[in-house]
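> Provided below for reference: sequence and predicted model.
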Amino acid sequence: MARKKKLNTVDFSANGSTSCMPSSSNNSIHDASTFDALHSDTQDSQPLKRVRGPTTLPDVWALPSDKRITVSFNHLNQPTGQEGCTLGFFLGTLVRNAEITPLLYNDWRCFPKELKDHLIKLVKNRFDLPQMAEIWVLKSLGRSLKGYRSDLKARYFGKYPLKEDLLKNRPVGIPNVQWNFLVNFWYSDKNMRNSSINKRCREKQKMPHTSGSKSFARVASEMASAGLEHSRAHVFLETHKARKDGRPLDDNSSRATESIKNKLIQTPSEGQDIRAFHSDIYSQVIGPDTYGRVRGLGLQAYPKSLRTVDFSVDGRTKVDEINDIKQELKRMVANQEKMQAQINKLESLLVDKGAVETSSTLCENEST
């Protein structure tokens, strides 16, 4: 089994803690119920083939109240690195817990502000996030919730053709009121119409990526760290490869990758200024972006957000430079703490040595 990579954490003072749980014992009870809900099956389930199961992240849920996982963010306030991956998985554990994220709202935009604020607090209790990153967190929560509801429908809606049977086979972990609400929503005329439209739109997506759960932002960040070109065209090539199980690319993706490669040969070094998305190689091959959207850059990539990106002279963004400074400060603090520990150890040794010498002198005086 591969060894898990240790996540970067930062200490928080007790006064600065914003824990939503009253005590550690209550935390344990709450987390146990979360994991039970995530692992459980339907009430009438039979023994099934053993599968991986949903991600639960027990180490993150059990993180001490004075610790936070530090996450790096790029110029679009998208999380990167292994810590960014952990953040995304943690958001998934939140939306799959019906006690935290109830299934009583048809749309994420209908969620009350109080519930969204509570979710943000739960995230910030375990992750060190800048203020601007909260927008990404909320958008990602909405997308994760939509995906979870879709998974539930794919798993149960077709399995039980009759509505009565579907209502009886409620998944353990979802309250009866919430399950009834969700099933009634699936059978509503409005949802039936939207579902039909969404299926037709899904069929028009001809070039699925092969990067799995890794976001485009993380792919681009890893390419940049390795010193590779990471424009939209290069990221497309990196996320549209033959799959690990040997399955080839679809015909549309194969033709697009060949066209991009040919254009990159003619233009070996495409500029990294993402603000030129209207005329880059990606848009020449894949086509222009629809209004208000920029493809190939991940969640929260909009024309307005790209126009406000501030680049330095060498092409790196100001956010990149700030992240470098933060990392350097963390190294300096760690070195200072290490030096202070060594000084304390030396002082303790000197005190002990002085106590021994004083005791020896007293013994000599008593003997004389």
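Sure thing, it's come through.

> ranges for the strands of the stretch 51-200 of the chain?
Along the stretch 51-200 of the chain, counting by DSSP state E, counting those that start in this stretch, strands occupy 67-70, 72-73, 79-80, 127-128.

> For the longest one, buried residues please.
When you say that, I think you mean strand 67-70. Neighbour counts over strand 67-70 (16 or more other CB atoms under 10 Å) mark 68-70 as buried. The way it works is simple: take the backbone N, C-alpha and C, and place the C-beta from them, glycine included.

> Could you give the number of residues near S279?
Using other CB atoms under 10 Å, the number of residues around S279 comes to 9.

> Give me the pLDDT for it.
You'll see S279 listed with a pLDDT of 75.

> Then it would be within a helix, right?
No. Counting by DSSP: H, G, I helix; E, B strand; the rest coil, S279 falls outside a helix, being coil.

> circling back to that earlier point, which one of the strands of the stretch 51-200 of the chain lies nearest to K244?
K244 lies closest, by CB to CB, to one member of the strands of the stretch 51-200 of the chain: strand 79-80, at 22.4 Å.

> partners of the closest one, with directions?
Neighbouring strands of strand 79-80 in its sheet, by DSSP bridges, are strand 72-73 (antiparallel).

> what's the distance between the partner strand and the middle of its chain?
Offset of strand 72-73 from its chain centre (CA atoms, centre = their mean, to the nearest Å): 11 Å.

> And this structure, split by domain according to the record?
Using automatic domain parsing, the domain ranges for the chain come out as 9-203, 228-309, 319-348.

> okay if I get those as TSV plus distance to G212?
TSV is the format used below for these (distance: least, CB to CB, whole Å):
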stretch	distance to G212
domain 9-203	11
domain 228-309	9
domain 319-348	25
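
> nearest to H209, of those?
domain 228-309 (4.3 Å).

> any idea which element L350 lies in?
If you go by DSSP states H and E, L350 is part of helix 318-367.

> Low-confidence ranges, the protein, go.
Along the chain, segments meeting pLDDT under 70 span 1-6, 12-52, 268-277, 305, 307-324, 326, 353-368.

> Tell me which of the domains of the chain lies nearest to R218.
Among the domains of the chain, domain 9-203 comes nearest to R218, with 5.3 Å by CB to CB.

> What separates the first and last residues of the closest one, distance-wise?
Terminal residues of domain 9-203 lie 43 Å apart, using CA to CA, to the nearest Å.

> and what of stretch 110-130?
Length of stretch 110-130, first residue to last, CA to CA: 25 Å.

> Residue numbering should commence at 53 henceforth.
New numbering, starting at 53: the last item is stretch 162-182.

> contact partners of that stretch?
Contact partners of stretch 162-182, identified using CB atoms under 8 Å, 6 or more residues apart in numbering, comprise 62, 64, 69-72, 112-113, 115, 117, 120-123, 125, 129, 135, 139, 142-143, 146, 152-154, 157, 186, 189-190, 193.

> residues of it that come out buried?
Residues of stretch 162-182 classed as buried: 163, 168, 171-172, 174-181 (neighbour count, 16+ other CB under 10 Å).

> Output these in a markdown table; the columns should cover distance to E216.
Listed next are the buried residues of stretch 162-182 as a markdown table, based on distance: CB to CB, whole Å:
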| residue | distance to E216 |
| --- | --- |
| F163 | 29 |
| K168 | 34 |
| L171 | 34 |
| I172 | 39 |
| L174 | 36 |
| V175 | 39 |
| K176 | 43 |
| N177 | 41 |
| R178 | 41 |
| F179 | 43 |
| D180 | 49 |
| L181 | 45 |
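
> The residues you listed: which two are farthest apart?
By the measure CB to CB, F163 and D180 form the most distant pair in those, at 24.6 Å.

> In stretch 305-312, which residues are buried?
Neighbour-count burial for stretch 305-312, with 16+ other CB under 10 Å as criterion, is recorded at 305, 308-309, 312.

> Work out the gap between that stretch and the centre of the chain.
Put simply, stretch 305-312 sits 29 Å off its chain's centre (CA atoms, centre = their mean).

> List the contacts of it.
258-260, 285, 288-289, 292, 300-301, 333-334, 337-338.

> if you set the cut-off to 6 Å instead, what comes out?
Applying CB atoms under 6 Å, 6 or more residues apart in numbering, the external contacts of stretch 305-312 come out as 259, 285, 289, 292, 337.

> Out of those residues, which comes closest to A353?
Looking across the contacts of stretch 305-312 and measuring by CB to CB, the closest to A353 is A285, at 15.0 Å.

> show me where the stretch 103-252 of the chain has helices.
110-113, 133-147, 165-176, 185-208, 215-220, 228-238, 241-255 (DSSP state H, counting those that start in this stretch).

> which one of those helices is the most hemmed in?
Sort the helices of the stretch 103-252 of the chain by mean neighbour count, taking mean count of other CB atoms under 10 Å, and helix 133-147 sits at the top with a mean of 21.

> ok, back up a step: turn the buried residues of stretch 305-312 into a markdown table, columns for distance to L381 and secondary structure.
Compiled in a markdown table, the buried residues of stretch 305-312 are given as follows (distance: CB to CB, whole Å; DSSP: H, G, I helix; E, B strand; the rest coil):
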| residue | distance to L381 | secondary structure |
| --- | --- | --- |
| S305 | 43 | helix |
| A308 | 43 | helix |
| T309 | 41 | helix |
| I312 | 40 | helix |
